[in-house]
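Asks: based on what follows, work out the 3D shape:
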Amino acid sequence: MCGKGEWVLRVDSRERVVIPAEVRRALNVGRVVKMYVRGGVVVLEPIKDPFEEVSELVEEVSLKVSEEPWRVGEIASEQLLGRKGEALFVGEGGC
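Replies: Model prediction:
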């Protein structure tokens, strides 16, 4: 697969859709995807698992937790999101 293709997929009884294995492999889809609706089209975008990123950040934080324990989450969130104040999940769902 070279980045283009078209598939007809079934929605199962629990309202799930399975991304074909060849697509997952070609796009390096892990356990997490970002979903949004654009122009009436559902878009799935492969992203890195936020929990994995937070785990990696734990090693990068050079803060004495015993002195400022409340800052650990704040610093991890800022580094994970790339800039202060940006929301991880945008919108309220729906179309």
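
Asks: per the record, what domains does this protein have?
Replies: 1-47, 48-85 (automatic domain parsing).

Asks: so which residues of this protein form helices?
Replies: Counting by DSSP state H, the chain has these helices, from start to end: 21-26, 50-60, 71-81.

Asks: buried stuff in the first one?
Replies: Across helix 21-26, burial judged by 16 or more other CB atoms under 10 Å covers residue 23. The C-beta positions use only the backbone N, C-alpha and C, and glycine is treated the same way.

Asks: could I get the CA-only coordinates of it as PDB?
Replies: What follows is helix 21-26, C-alpha atoms only, in PDB (Å, rounded to 0.1, in the frame of the first residue of the first chain):
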ATOM      1  CA  ALA A  21      -4.100  -4.900   9.000                       C
ATOM      2  CA  GLU A  22      -2.400  -3.700   5.800                       C
ATOM      3  CA  VAL A  23      -3.500  -0.100   6.500                       C
ATOM      4  CA  ARG A  24      -2.400  -0.300  10.100                       C
ATOM      5  CA  ARG A  25       1.000  -1.600   9.100                       C
ATOM      6  CA  ALA A  26       1.500   0.800   6.300                       C
END
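
Asks: now that helix: mean pLDDT?
Replies: Looking at helix 21-26 alone, the average pLDDT works out to 92.

Asks: now swap in stretch 34-45 and tell me
Replies: Here stretch 34-45 scores 92 as its mean pLDDT.

Asks: can you list the buried residues in that stretch?
Replies: With burial defined by 16+ other CB under 10 Å, not one residue of stretch 34-45 is counted as buried.

Asks: could you tell me the end-to-end distance of that stretch?
Replies: 5 Å (CA to CA, to the nearest Å).

Asks: ditto for stretch 35-53
Replies: 19 Å.

Asks: do stretch 24-40 as well
Replies: 23 Å.

Asks: no more questions from me, cheers.
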